[in-house]
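*Asks:* Let me see the structure of the following:
(chains A and B)
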Amino acid sequence: MALTIVSQIFPREMIPAVLPLIEDKLQHSKEIIRRKAVQALYKFYLIAPNQVQHIHDKFRKALCDRDAGVMAASLHIYLQMIKESSSGYKDLTGSFVAILKQVVGGKLPIDFNYHSVPAPWLQIQLLRILRLLGKDDPRTSELMYEVLDESLRRAEINHNITYAILSECVQTIYTIYPNSELLEKAAKCIGKFVLSPKINLKYLGLKALTYVIHQDPNLALQHQMTIIECLDHPDPIVKRETLELLYRITNGQNVIVIVQKMLDYLKESKEEYAIINLVGKIAELAEKYAPNNEWFIQTMNAVFSVGGDLVHTDIPNNFLRLLAEGFDDGKEDDKLRVYAVKSYLALLEEDDALYPQKFLQVMSWVLGEYSSLVTDVDPEVILTKLHSLLRKTFVTSETKVWIMATVTKIASRTSCSKAVDEIIQEFSNSLDTCMRQYAFELKNLCKDKELMKNLLPFDASCSDMVVDASLSFLDGFVAEGLGRGAAPYKPHHQRQEEKLSQEKALNFEPYRLSFASSVSSSGITGRQSPTGLSVGSDTSVNSAETGHKETSTLKLEGVRKLWGKEGYLPKKESKEGKEKEPQTASCSTLSTGQVGDPPALRFDQVASISEEDKEKQQLASTLFIGLGSNAGVSLMGKAETATQKFKRRSKINEIQHSEEVSDFRNSAAADFGPLLDTRPINMEDSEGSLHTRLRKASLSSSDIVEDNLAFEMPQSLRKSGLEERLSENRLSQSSLFADSNIEIFQPSPSAQCESASKTPLIPSLPEELEELTHSEIVQLCQSDALALYLCKVWTDDSLLLTVFVSNKTTAVLNAVNLVFEEAEHFQILESPSYQFPAIEAESVERCQKYVWMDKICTQGVLSGSVNYQLEMETRLDFSVTLSLMDFIRPMQMTTEDFGKLWLSLSNDVKQNIKMSSSQDTLSAALNTLQQKLKLHIVDVIGNEGILACQLLPSVPCLLHCRTHSRMLALWFRSPCSALPDSLLYQCQKVMEES
Amino acid sequence: MIKFFLMVNKQGQTRLSRYYEHVEIKKRTMLEAEVIKNCLSRSKDQCSFIEYKDFKLVYRQYAALFVVVGIDHTENEMAVYELIHNFVEVLDKYFSRVVS
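*Replies:* Residues are numbered from 1 along each chain as shown, chains lettered A, B, ... in the order given. Sure thing, here's the model as predicted:
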């Protein structure tokens, strides 16, 4: 009972406390308890996979349990684990097949039978596991053929549950590596399903058919008539499944019919979710297979009008992009566009029709861009129509803005028309600020036709805007602003914090004075409005309204909101990229001049700039580095942290790259190393190497001695001891992993010298790094011209990846560029790339990257590439595996500090682990931890010991160990929640190994 | 994966509900109401699987009692359909006469 409760309600943190108890229960004599224990473990696995990592072999035992119930329970765990990575469990395929064979053969106790079918759900579970294992793997699949065949045969009783098994079987057969005989049988099965009069079976058959269809389209042909029947089936669910099936078999020839069917269904359907789904599919099909323009436009029109505002924003955007970019043939494009314009005009003809907003937006855009292609329609007519649309109440303000933009575009191509004048007049005093502002812009633009034409070139929608993502042209302005004492830009969350702390008591005065004349701001903003209408002037108009009340914070927020909205609109359109940037930029400055820049409004501009920045944040995170460097004057202390944060972020990125390099290299060098003579240790000084190896081992023991002594030693003595140790370490990072107790051995220095200066192409670490602990130099990858080596240096404050590039050619290599890709878990300080100066013939250059672990993981890969130019551009990819232990360093502290820190940390993880016979005393266990995990032993009191370490750069993790009756109770605490878990895992690993 | 298990009577009152994924209490009632509406509106000759939002419903009617199970797309509908029957059979054995 308790086990059931445990699995239901236990939170993540409490798992380690009960885990050993549950593990014991796995050996219990009663089946039901064993089963419950397995179920509880399954639950734990779902919650925190890495906490039960060490008991995987126990799952295997459970799988072979003599009670079928326990075995069935363990299948759940395996299904989950295999889902995550099937490769690790291929060896179990045999057992699963054997189990299934037994089950199918009726070897299970009679209790498991359901309607005389042996354990059907168990069969289904097993089939699922086999499916995952056999996917794309001919060898594993082969093992299964026989048993699958048997289950197909056995499941021939007419009962629902056997159908369930059959359908699962069929799915498995089609997923694993194909076998023609089985495929044939499976196809027969599907046929039986589809033809069945029972509606549920029909559904199942259709589902299977959908699944199978991309492998075997002929099957669908066989059942053509049934499918057609299903299409007219009274049950909408069956219909929908059939459509799903049709969607899979759509091609250029049948698209019209299928889409028509889909549209019919769409019109009947009322459920929101189904509509969204279906509309997406229709649009996709229409884009892919459209046979002609008319059909395409009409289909899309139907989609928009039926789908209404539920359609995903991608669909109209894609549609417009397609229209704008066109196909290969220019004439066809024009025809398409003309047809679109005409159809929209016809649609707008009906006065009372209510169209969804998105459809209206699409219409207005198309009309604006391409209406001039249609020569026989007077622009005046279009304008009048748009005007009447603008007056309608059902049109939202967002759509109105789209329409206004259209009006502006059309107006630019016609001489001043009456309709335009009317619109201007009507909306110049509209209550909606957006509309009013557009009207103003239109008015001003109308005065200057020449500018307007420049601003709105015809059919420029495809000419991509050159977006300067870094907003570098802003830098000057920012610097200027900062120079006047403005606060540097802060990210949104920080601003909110500040707002809270200052409680609406923002002081506006200094800002107002400091931004005496910052007209250039409109340069920024204008750039963002590809409609060609200067947003720069937006600022002025908006602020004209609110400016005189600007002393209240509330108002300020009002302005910002407006900005958000405004920003949103142009952004949306910017996807379609209507205009070349330079034009906009230039004209926006112009228009700002026209509208005038009332001096009282500067504050709003400041606000708006930062707001703009915010919107561009994702696009332009690089900007902030620039900002950071410009932030010479910071009004608030917090600003500095902001810049630091950004710098750090960029560093993170860098590290991430250099990380993946190392482990790959490790393995590569293990293979190539001896052959290619890359190792500094050669045959002839095998004697020396023996020495060093011995020394490696001895070092570890000396470490222990030293550290044990250190408790009594005064602090200063101890430091020097450490230094000594470091310098002694030299070649042997592996000392951390070696664990024999050999007496201290003085290495022969001559052997070392010899080995260090062997062949010229072998890289070696510079003096200053040679002093630190580091890994062996291993080869990462190589080509004809280059070889890449890597050495991990474990410095005190980071992991230093040293990459050596050796030039094997006889020519000088120029422009060798090393780039690390961004990795999820790691952070590279400074920049992720490195440009080598020319590398001389047959020489070695090196580059160093400091890496931190950003997100905790037990092991991660950092990959990167080297580009170089030799006759032609060549790229060499490599990757490095970095483990958590690369980033763990001992942490020096006193017992008091430990106590204080311990109390202040909240995340803790406890776990009992068994001690092996070789280390049954506490000190032996602690030594193992110290050697292998680089933990620092702070103190040992009786049967308790405390250790400390830190994850670079500075995340501490404290460990409290206690021994009782051959068990070691580990208790971790750290400010970071994931760190104790991972460390615990490492501890378990090393304790088991030793 | 089974997401939830519902037993409802014909009047639309929930008799038993069990969720295997966390759903807010408020949303539960909403969801239940929707699910029931969907099931009740279907006639006997329609198929007992419904696609609903991003998951599927499998239901079975026993006199005045509906048993509805919400599953995700990886689950085998027919297996669940039979599971319901198995469940009801077990109930029947235990309590000899099952009434809602």
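
*Asks:* burial of residue 24, as a residue count?
*Replies:* You didn't pick a chain, so chain A it is. Using other Cβ atoms under 10 Å in any protein chain shown, A:Asp24 is surrounded by 10 other residues. (Glycine included, C-beta is placed from N, CA and C.)

*Asks:* look at chain B instead
*Replies:* Neighbours of B:Glu24 using other Cβ under 10 Å come to 9.

*Asks:* what does A:Val844 give?
*Replies:* A:Val844 has 17 neighbours, counted by other Cβ under 10 Å.

*Asks:* Over to A:Gln988?
*Replies:* 18.

*Asks:* so it, which of the three states?
*Replies:* Under DSSP: H, G, I helix; E, B strand; the rest coil, the three-state class of A:Gln988 is helix.

*Asks:* Am I right that it is in contact with A:Asn912?
*Replies:* No: taking contacts as Cβ atoms under 8 Å, A:Gln988 lies outside contact range of A:Asn912: 10.6 Å.

*Asks:* So which residue is dead centre in chain B?
*Replies:* The centroid of chain B falls nearest to B:Val68 when counting by Cα atoms, centre = their mean (0.6 Å).

*Asks:* helix or strand for residue 38, which one?
*Replies:* Using chain A here. Per DSSP states H and E, A:Val38 falls inside helix A:31-47.

*Asks:* wrong chain, I was asking about chain B
*Replies:* For B:Asn38, the element it lies in under DSSP H and E is helix B:25-40.

*Asks:* A:Asn927 too?
*Replies:* Assigned by DSSP H and E, A:Asn927 belongs to helix A:922-933.

*Asks:* Alongside chain A, which residues does chain B contribute?
*Replies:* Residues of chain B lying close to chain A (Cβ under 8 Å from any Cβ of the partner chain) are B:42, B:45-54, B:76-79, B:81-83, B:85-86.

*Asks:* Would you list the phi and psi of the residue in chain A positioned nearest to chain B?
*Replies:* In chain A, no residue comes nearer to chain B than A:Ala164, which is 3.5 Å away by Cβ to the nearest Cβ. Dihedral pair for A:Ala164: phi -60, psi -50, per degrees, to the nearest 10.

*Asks:* ok, and the closest non-adjacent residue to it?
*Replies:* Excluding the flanking residues, the one nearest A:Ala164 by Cβ to Cβ, 6 or more residues apart in numbering or on different chains is B:Met78, at 3.5 Å.

*Asks:* Look up which helix or strand that neighbour falls in, please.
*Replies:* Following DSSP H and E, one finds B:Met78 within helix B:77-95.

*Asks:* Flag every buried residue along that helix.
*Replies:* With burial defined by 16 or more other Cβ atoms under 10 Å in any protein chain shown, the residues of helix B:77-95 counted as buried are B:Glu77, B:Met78, B:Ala79, B:Val80, B:Tyr81, B:Glu82, B:Leu83, B:Ile84, B:His85, B:Val88.

*Asks:* same question, stretch B:54-72
*Replies:* For stretch B:54-72, the neighbour count (16+ other Cβ under 10 Å) marks B:55-60, B:65-71 as buried.

*Asks:* got the contact list for that stretch?
*Replies:* Residues external to stretch B:54-72 that are found in contact with it (Cβ atoms under 8 Å, 6 or more residues apart in numbering or on different chains): A:273, B:1-10, B:15, B:35-36, B:38-40, B:44, B:48-52, B:73, B:75, B:77, B:80-81, B:83-85, B:87-88, B:98, B:100.

*Asks:* Just the buried ones from these?
*Replies:* B:2-8, B:35-36, B:38-39, B:48-52, B:75, B:77, B:80-81, B:83-85, B:88.

*Asks:* Near chain B, which residues of the stretch 601-750 of chain A? Just list them.
*Replies:* Applying Cβ under 8 Å from any Cβ, one finds that the stretch 601-750 of chain A does not approach chain B at all.

*Asks:* Against which helices or strands is the worst-scoring helix or strand of chain B on mean pLDDT packed?
*Replies:* Of all helical and strand segments in chain B, the minimum by mean pLDDT, DSSP states H and E falls on strand B:49-52, at a mean of 78. Contacts defined by 3 or more Cβ pairs under 8 Å, 6 or more residues apart in numbering or on different chains; DSSP states H and E place strand B:49-52 against helix A:236-249, helix B:25-40, strand B:55-62.

*Asks:* For that strand, list the C-alpha coordinates in CSV.
*Replies:* In CSV, the C-alpha atoms belonging to strand B:49-52 read as follows (Å, rounded to 0.1, in the frame of the first residue of the first chain):
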residue,chain,number,x,y,z
PHE,B,49,-13.6,6.9,-31.0
ILE,B,50,-13.7,10.7,-31.2
GLU,B,51,-10.9,13.0,-32.0
TYR,B,52,-11.1,15.8,-29.5
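
*Asks:* Contact partners for the residue nearest to A:Ala164?
*Replies:* A:Asn160, A:Ile161, A:Tyr163, A:Ala164, A:Ser167, A:Asn200, A:Leu204.

*Asks:* ditto for A:Cys987
*Replies:* A:Cys987 makes contacts with A:Ile913, A:Leu929, A:Leu933, A:Leu959, A:Leu970, as judged by Cβ under 8 Å, 6+ apart.

*Asks:* Name the helix or strand for B:Val8, please.
*Replies:* Judged by DSSP H and E, B:Val8 forms part of strand B:2-9.

*Asks:* picking that back up, now do the helix holding B:Met78 and strand B:2-9, the angle between them.
*Replies:* Going by axes from the mean of the first three to the mean of the last three Cα atoms, to 10 degrees, helix B:77-95 is angled at 50 degrees with respect to strand B:2-9.

*Asks:* got the CA positions of helix B:77-95 in PDB?
*Replies:* Output of helix B:77-95 as PDB, limited to C-alpha atoms (Å, rounded to 0.1, in the frame of the first residue of the first chain):
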ATOM      1  CA  GLU B  77      -8.000   2.800 -29.500                       C
ATOM      2  CA  MET B  78      -9.300  -0.700 -29.700                       C
ATOM      3  CA  ALA B  79      -7.100  -1.900 -26.800                       C
ATOM      4  CA  VAL B  80      -8.500   0.900 -24.700                       C
ATOM      5  CA  TYR B  81     -12.000   0.100 -25.800                       C
ATOM      6  CA  GLU B  82     -11.500  -3.400 -24.600                       C
ATOM      7  CA  LEU B  83      -9.800  -2.200 -21.400                       C
ATOM      8  CA  ILE B  84     -13.000  -0.400 -20.600                       C
ATOM      9  CA  HIS B  85     -14.900  -3.600 -21.000                       C
ATOM     10  CA  ASN B  86     -12.500  -5.500 -18.800                       C
ATOM     11  CA  PHE B  87     -12.800  -2.800 -16.200                       C
ATOM     12  CA  VAL B  88     -16.600  -3.100 -16.200                       C
ATOM     13  CA  GLU B  89     -16.400  -6.800 -16.000                       C
ATOM     14  CA  VAL B  90     -14.200  -6.600 -13.000                       C
ATOM     15  CA  LEU B  91     -16.700  -4.200 -11.400                       C
ATOM     16  CA  ASP B  92     -19.400  -6.600 -12.200                       C
ATOM     17  CA  LYS B  93     -17.700  -9.500 -10.500                       C
ATOM     18  CA  TYR B  94     -16.900  -7.600  -7.400                       C
ATOM     19  CA  PHE B  95     -20.300  -6.000  -6.800                       C
END
